[in-house]
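>>> Any chance you can model this:
(chains A, B and C)
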Amino acid sequence: MTSAISIEGLEVVFDRFRALKGVSLEVKSGESFGLVGESGSGKSTLLKAIAGLVPAASGTITVNGKTLGARRDKAFYREVQMVFQDPYGSLHPRQTVDRLLQEPLAIHGFADGELRIQRALDEVGLGNGFRFRYAHQLSGGQRQRVAIARALILEPSILLLDEPTSALDASVQAEVLNLLEEVRRRRKLTFLMVSHDLAIITHMCERLMVMQSGEAVETLNASQLIAHRVSADYTHNLLRASEGFVRG
Amino acid sequence: MSAEAIQTRREWLLSDRPVSRMQARLGRAYVAWRRFSANRLAFLGLLIIIALLVVAAFADVLAPYSPTIGDLKNARLLAPSAAHWFGTDDLGRDIYSRILFGSRWTLYVVILVAIIAAPIGLLVGTVAGYAGGWTDAILMRITDIFLAFPKLILALAFVAALGPGIENAVLAIAITSWPPYARIARAETMTVRNSDYIKAVQLMGASPFRIVLRHIMPLCISSLIIRVTLDMAGIILTAAGLGFLGLGAQPPLPEWGTMIASGRRFVLDQWWVAGAPGFAILIVSLGFNLLGDGLRDALDPRSGDQ
Amino acid sequence: MSSATGTLLEVDDLRVDFPTRTGLIQAVRGVSFSLGRERLGIVGESGSGKSQTGRAIMGVTPPQALVTAKKLAFDDADLLAMPARQRRALRGNRIAMILQDPKYSLDPVMSIGRQIVETLRTHEKVSKAEARERALAMLEAVQIRDPARVFDLHPHEVSGGMGQRAMIAMMLIAGPELMIADEPTSALDVTVQLDVLNILDRLVGERGMGLIFISHDLRLVSSFCDRVIVMYAGKVVEQIKASELRDAQHPYTRGLLNCMPRIGYERHPLPVLDRKPEWAA
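Residues are numbered from 1 along each chain as shown, chains lettered A, B, ... in the order given. I've put the predicted structure just below:
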């Protein structure tokens, strides 16, 4: 199988602070890969570096066989799209859903916009009734569905998911996770998903990488994690913490 | 139109699930209008401005006398009366008529300054704020240079260089009033620049030009409109000030500032000559200020979306 | 101090309403429970009224809110009837509250130590030296390793976990009998979360406080508390012992438990919550 994303020795530096200290990663095409870690682990930075939102200080990023330079071209964004963590911040406050979905189509010069918008809304389970609403007329879960529709409308092959459900209620989280799994199956997408929650990552991903302070701790299969076959102490700590409070 | 029909139309406007682009847009405007019209003082301000527009449009119908040709023989410096509501000036011209016609010049100045200065400020501010780095530094230092001088002094210098006259006064005021708008637009741009929704547009491959024009500018416009409206009073006063100093509109043009200037010689004995245009300036400035305050409540993005 | 039955707080038919331009929003619609010296969890999703319940007890609802109750009594004193001054004196002294993000609840321009000392000195007449002594001891009690150093730091100079510990220290310094913790660990990393919970648990146990733990995380609350109240749309839908949560009756509680992914349980798709209108009725 070919690699969808391949990263070699990636470094990201903010004002002399090394947010990523030489991370390497291989995501196969069609795979769902998870990045787990706590705040400051660099997991979100890794995602942003792939998307071109933060500059890489050194190292290479290769997406679908093409090694990326400092600038991303339009073709890249038709391959790779991203869903952000905060559904309240990722939709423009003065634009209707219709306008939000039209923007990527206009940028890439699609002619059949009308049809695509309807299809995208149907696919994320919103339907036409939501088309002319503003972000403030939507609940958190609905907003995240719009954000997913926006990411899918260019028909990318890779979706970067930055904690897509951490701002949502548990029941809404389940709905959004189900939706993501469904679109992945239907469109044979590659997922690179960031979360602080091991349970979500093991639910959604086949393989995962544990990160801590800008470095990779270990890379595991989900089954290894479920069976507690982990080598690093840090991963053990995370596993223990995810089991809830134990009076001791 | 029955009460029921009005009720259903209101529901249509306030609908949480609009079915067309038009309905969404109208609904949003209606919400802003409701918030605006709930504010009585703002409504009064709006009425004053509408009255100003009407007066300017129909000045030749409304005015009983010519604004420029007076009756030097019989009607010099008459006190207010039924024939001359605001009295007459030293050249025997009816002040009421001159004020009605003067409203045109006031509007002319205010509107021209607004459509010259606001877009410049908006462009400079958003580009500086979004681009950052050197572009930002250079544009903002230029802005600072303009801000460093008092507005009237700078306008005076420009008019002195360009020559007196109302067009040059407009140009001078416009050149001196964009820097605050640039500052506002830049500040606004800085707050939204790093938001996820702008990043999301970047991730669609949008060009910086498109992002600034279609995604950032619309967010800056409402605070800019508010600021421009609040500044209108200042613009009128600056224009009047230039007129008063003899550098703005030239006689016999019935511009309010120029009228005060020519009336100041009689201010102790014939107070109405300078008083009437002064009062007109006061009322219109007040109107713009009230309107601006109301718009701030109605349009301010920080006051919540609904 | 408390009444003979050991009841610290009694809430009967608590309602919190917000009048808005479009009508009355009923955030809390008749919540009743009583609390002894125990750990009580209040769980619900956003908009369930759980936070407003906590705020109403603490008396920090926004000024436009209307708070009513048949009974809202702390240690047999009617909270709603008492004068504002008396209630203020109660706040921080006998009832304390911890909020989600220490960044917003600590004063950014005052050192952590001074804030704790100030809090203590507004409630008790103690000398400066003694206040400092006790603040340092309190910081040590919340497992801050180098209390003397942290004492002089400002809130922005410490991590989220450290800030939350400092916040707990500040709230506990006056020795409250009732502590309301509103999502005290949601902004923290999972490993830090457990440390903070351990500290809370120990302090509550040692001092015999009553604790109201408000959270969206049913599993966390049930592992930490003795008893759980589940709220939905401003109402209590279920009150249950934490140990019996697995046998919860209400479909909402069960749905909430089921819909979270768990390590080692493969369920694709995840069961989702089918909200019934009668739950909110």
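
>>> what bits of chain A have low per-residue confidence?
Applying pLDDT under 70 to chain A flags residues A:1, A:248.

>>> which helices and strands sit right next to the helix of greatest length in it?
The longest helix of chain A (DSSP state H) is helix A:170-187. Here helix A:170-187 touches helix A:140-152, strand A:158-162, helix A:198-204, helix C:251-258, going by 3 or more Cβ pairs under 8 Å, 6 or more residues apart in numbering or on different chains; DSSP states H and E. C-betas here are computed from N, CA, C, even on glycine.

>>> show me where chain A has strands.
Remark: strands assigned in chain A by DSSP state E are A:3-14, A:17-28, A:32-36, A:58-63, A:66-67, A:80-83, A:158-162, A:190-195, A:207-212, A:215-221.

>>> Direction-wise, compare the longest helix of chain A with helix A:140-152 and give the angle.
20 degrees (axes from the mean of the first three to the mean of the last three Cα atoms, to 10 degrees).

>>> Leaving out the residues flanking it, which one is nearest to C:Leu139?
In space, and not counting its chain neighbours, C:Leu139 is closest to C:Pro147: 3.8 Å by Cβ to Cβ, 6 or more residues apart in numbering or on different chains.

>>> How much space separates the one you found from chain A?
Computed as Cβ to the nearest Cβ, to the nearest Å, the C:Pro147 to chain A distance reads 24 Å.

>>> And B:Ala29, by the same measure?
In terms of Cβ to the nearest Cβ, B:Ala29 sits 12 Å off from chain A.

>>> Distance-wise, check that residue relative to B:Ile153.
From B:Ala29 across to B:Ile153, the span is 41 Å (Cβ to Cβ, to the nearest Å).

>>> C:Met231: what secondary structure?
strand (DSSP: H, G, I helix; E, B strand; the rest coil).

>>> May I have the phi/psi pair for the closest residue to it other than its chain neighbours?
Excluding the flanking residues, the one nearest C:Met231 by Cβ to Cβ, 6+ apart is C:Gly44, at 3.7 Å. Backbone torsions of C:Gly44, given as degrees, to the nearest 10, read phi -180, psi 170.

>>> roughly how far apart are C:Arg87 and chain B?
30 Å.

>>> Sticking with that residue, tell me its helix or strand.
Taking DSSP states H and E as the definition, one finds C:Arg87 inside helix C:84-90.

>>> Please name the nearest non-neighbouring residue to the residue located most distally from the centre of chain B.
Ranked by distance from the centre of chain B (Cα atoms, centre = their mean), the top residue is B:Lys73, with 39.5 Å. Once flanking residues are discounted, B:Lys73 sits nearest to B:Gly92: 7.4 Å by Cβ to Cβ, 6+ apart.

>>> Who are the contact partners of the one you found?
B:Gly70, B:Asp71, B:Leu72, B:Lys73, B:Asn74, B:Ala75, B:Arg76 (Cβ atoms under 8 Å, 6 or more residues apart in numbering or on different chains).

>>> Among those residues, name the buried ones.
B:Gly70, B:Asp71, B:Ala75 (16 or more other Cβ atoms under 10 Å in any protein chain shown).

>>> which ones are touching the first one?
Residues counted as contacts of B:Gly70 (Cβ under 8 Å, 6+ apart) are B:Arg76, B:Thr88, B:Asp89, B:Leu91, B:Gly92, B:Arg93, B:Asp94.

>>> Over to the last one?
Taking Cβ under 8 Å, 6+ apart as the criterion, B:Ala75 is in contact with B:His84, B:Thr88, B:Gly92, B:Asp94.

>>> same thing but at 7 Å, please
B:Thr88, B:Gly92 (Cβ atoms under 7 Å, 6 or more residues apart in numbering or on different chains).

>>> What pLDDT is listed against it?
Looking at B:Ala75, its pLDDT is 75.

>>> what would the contacts of B:Gly70 look like in a markdown table with secondary structure?
Compiled in a markdown table, these are given as follows (three-state DSSP):
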| residue | secondary structure |
| --- | --- |
| B:Arg76 | coil |
| B:Thr88 | strand |
| B:Asp89 | coil |
| B:Leu91 | coil |
| B:Gly92 | coil |
| B:Arg93 | coil |
| B:Asp94 | strand |
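
>>> Now, of the residues you listed, which are buried?
B:Thr88, B:Asp89, B:Leu91, B:Gly92, B:Arg93, B:Asp94.

>>> Report the separation between the residue nearest to C:Met231 and chain B.
Counting by Cβ to the nearest Cβ - C:Gly44 and chain B are separated by 24 Å.

>>> Ok, C:Val31 next?
Distance from C:Val31 to chain B, by Cβ to the nearest Cβ: 27 Å.

>>> Touching, that residue and C:Val11? I think so.
Yes. Contact status for C:Val31 versus C:Val11: in contact at 6.2 Å, counting by Cβ atoms under 7 Å.

>>> how about the residues of chain C that lie near chain A?
Neighbours of chain A within chain C, by Cβ under 7 Å from any Cβ of the partner chain: C:45-46, C:189-191, C:193-194, C:197, C:201, C:216, C:219-220, C:223-224, C:255-256, C:259-264, C:268-273.

>>> Drop anything exposed from the residues you listed.
C:45, C:189-190, C:193-194, C:197, C:201, C:216, C:219-220, C:223-224, C:255-256, C:259-263, C:270, C:272-273.

>>> Could you tell me which of the residues you listed belong to helices?
C:Val190, C:Gln193, C:Leu194, C:Leu197, C:Asp201, C:Arg219, C:Leu220, C:Ser223, C:Phe224, C:Gly255, C:Leu256.

>>> Please name the nearest non-neighbouring residue to the third one.
Beyond its immediate neighbours in the sequence, the residue positioned closest to C:Leu194 (Cβ to Cβ, 6+ apart) is A:Ala241, lying 5.3 Å away.

>>> what residues are up against C:Lys50?
Contacts of C:Lys50 (Cβ under 7 Å, 6+ apart): C:Ile42, C:Val43, C:Gly44, C:Ile214, C:Met231.

>>> ok, it to C:Ala27 distance?
10 Å.

>>> cool, C:Ala169 as well?
31 Å.

>>> Name the residue in these two with the higher neighbour count.
C:Ala169 (28 against 24; other Cβ atoms under 10 Å in any protein chain shown).

>>> So that one sits against C:Met138, correct?
Yes. Between C:Ala169 and C:Met138 there is a contact at 4.4 Å, judged by Cβ under 7 Å.

>>> shared neighbours, the two?
Counting by Cβ under 7 Å, 6+ apart, the residues touching both C:Ala169 and C:Met138 are C:Ile116.

>>> still on that earlier bit, let me know the average pLDDT across the helix holding C:Arg87.
The model assigns helix C:84-90 a mean pLDDT of 88.

>>> Could you point out the helix or strand that follows that helix?
Defined by DSSP H and E, the subsequent element after helix C:84-90 is strand C:95-98.

>>> from the chain's centre, how far out does that following strand sit?
7 Å (Cα atoms, centre = their mean, to the nearest Å).

>>> ok, now stretch C:119-138?
24 Å.

>>> end to end, how far does that stretch reach?
12 Å (Cα to Cα, to the nearest Å).

>>> Helices of the stretch 51-200 of chain B, start to end?
B:59-62, B:95-131, B:133-148, B:151-162, B:166-193, B:196-202 (DSSP state H, counting those that start in this stretch).

>>> same deal with chain C?
Counting by DSSP H, the helices of chain C are C:50-58, C:84-90, C:102-105, C:112-123, C:128-141, C:147-151, C:160-172, C:190-207, C:218-224, C:251-258, C:277-280.

>>> Any idea how many residues pack against residue 238?
You didn't say which chain, so I picked chain A. Neighbours around A:Leu238, by other Cβ under 10 Å: 24.

>>> Oops, wrong one, chain B.
24.
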